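1. got a sequence here, can you build the structure:
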Amino acid sequence: MTETRYDQGITEAEAARNGQAGFGWIDAHIHLDHYDEAKCESMLAEAYAAGCEGVVGVSQNMASCLTIRTIAQRHNGRVVPAYGFHPEQPVPDEADIALLLDWIRARHAEGERFAIGEVGLPYFTRTNAEKAGQPFDESGHLLLLDRFAALAAELDRPIALHVIHEDGNKVCDLLERHGVRRAHFHYFKGDRATIERMIAKGYYVSITPDVLYDEQSRELVRLYPIELMMTETDGPWPFEGPFQGVETTPMLASAAVREIAVLKGLDVREAAAALAGTAKRVYGFAAGTR
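-> You can find the predicted model right below:
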């Protein structure tokens, strides 16, 4: 990876912010409730004007679900909400879990467009505890993820997954047991054997702007079929390399589109259409959202 490529990446991000992307894209994983309301609205308007066709807004917990739902209702099909419980926090008690699952079922009964997520396993919490020499029991998280996977299968909804490294095979086991059809591994890092298992099962991945400088992400793009691939920012998560000090908004996903095109040897518009098309199929974005 050369400095020239880094420079090109930042130029592309700036071009997107100026409305010059020249193609459509979807940010398939962003934490909209982590921005204040005014910022959320202004950055989405800016992204739409530049070519962003929509975003998937993931949730952290019950309160987050309510906020994301409110945001989605303001955006006429361009924000698809995902409802769940982020795994890098303590497992809630049974009453709170039941309340959340029942609330999600109620949204399904109303015919609302949504996904399950963000859910998964507590990789960072677990590994940080292990590094500190502290015991960590992830059994509660595994049981909770099992319930979300069962719910995704029951409702036939896509599921947005927080899964990293060695957790990949455990999660694949859960998904296969429940027959989940649309599993989306966001910001995935893992070994080749796990990646090949995911490809064989038709699971989806999304690529962040770190594909401009992170070799694991670049190798994932080389290995993964583009028809199973999307783009995301995980905003407001900050990025490095050419994006050091650059605020993360849906605009940055357009730089990931360009780099994927380079790695796949495709015209950027061809790559953009494939990537956005996958997100539309997985998450059911309303027709004519652009």
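
2. what sits closest to Thr125 if chain neighbours are left out?
-> Spatial nearest neighbour of Thr125, excluding adjacent residues (Cβ to Cβ, 6 or more residues apart in numbering): Glu88 at 5.2 Å. C-betas here are computed from N, CA, C, even on glycine.

3. so who does that neighbour touch?
-> Contact criterion Cβ atoms under 8 Å, 6 or more residues apart in numbering gives Pro122, Tyr123, Phe124, Thr125, His162 as the residues in contact with Glu88.

4. name the SS class of it, please.
-> Secondary structure, DSSP: H, G, I helix; E, B strand; the rest coil: Glu88 is coil.

5. pretty sure Gly22 contacts Gly51?
-> Yes. When contacts are counted by Cβ atoms under 8 Å, Gly22 is listed as touching Gly51 (7.3 Å).

6. which of those two has more neighbours?
-> Between Gly22 and Gly51, counting by other Cβ atoms under 10 Å, Gly51 is the more crowded of the two (21 against 14).

7. quick one: Met230 is in a helix?
-> No. The assignment for Met230 is strand, going by three-state DSSP, so no helix is present there.

8. mind listing the residues bridging to it?
-> Per DSSP bridges, the residues bridged to Met230 are Ser206.

9. show me where the stretch 1-150 of the chain has helices.
-> For the stretch 1-150 of the chain, the helices defined by DSSP state H, counting those that start in this stretch occupy 3-17, 37-50, 62-73, 94-109, 123-131, 139-155.

10. that older thread, can you select the buried ones from the contacts of Glu88 in ChimeraX?
-> In ChimeraX syntax, the buried subset of these is picked out as below (16 or more other Cβ atoms under 10 Å):
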select :122,123,125,162
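
11. among the contacts of Glu88, which one sits closest to Ala279?
-> Ala279 lies nearest to His162 out of the contacts of Glu88, by Cβ to Cβ, at 17.9 Å.

12. from Arg222, how far off is that closest one?
-> Distance, His162 to Arg222, by Cβ to Cβ, to the nearest Å: 23 Å.

13. re earlier: and the contacts of Glu88, which two are furthest apart?
-> With Cβ to Cβ as the measure, no two of the contacts of Glu88 lie farther apart than Thr125 and His162, at 10.9 Å.

14. who touches both of those two?
-> Pro87, Glu88.

15. low-confidence bits of this structure, can you list those?
-> 1-21, 287-290 (pLDDT under 70).

16. got the contact list for Ile260?
-> Ile207, Val211, Val221, Ile226, Met229, Thr231, Leu266, Ala271, Leu275.

17. cutoff 10 Å now
-> With contacts defined as Cβ atoms under 10 Å, 6 or more residues apart in numbering, the neighbours of Ile260 are 207, 211, 217-218, 221-222, 224, 226, 229-231, 266, 268, 271-272, 274-275.

18. if anything else comes up later, I'll come back, but that's it for now.
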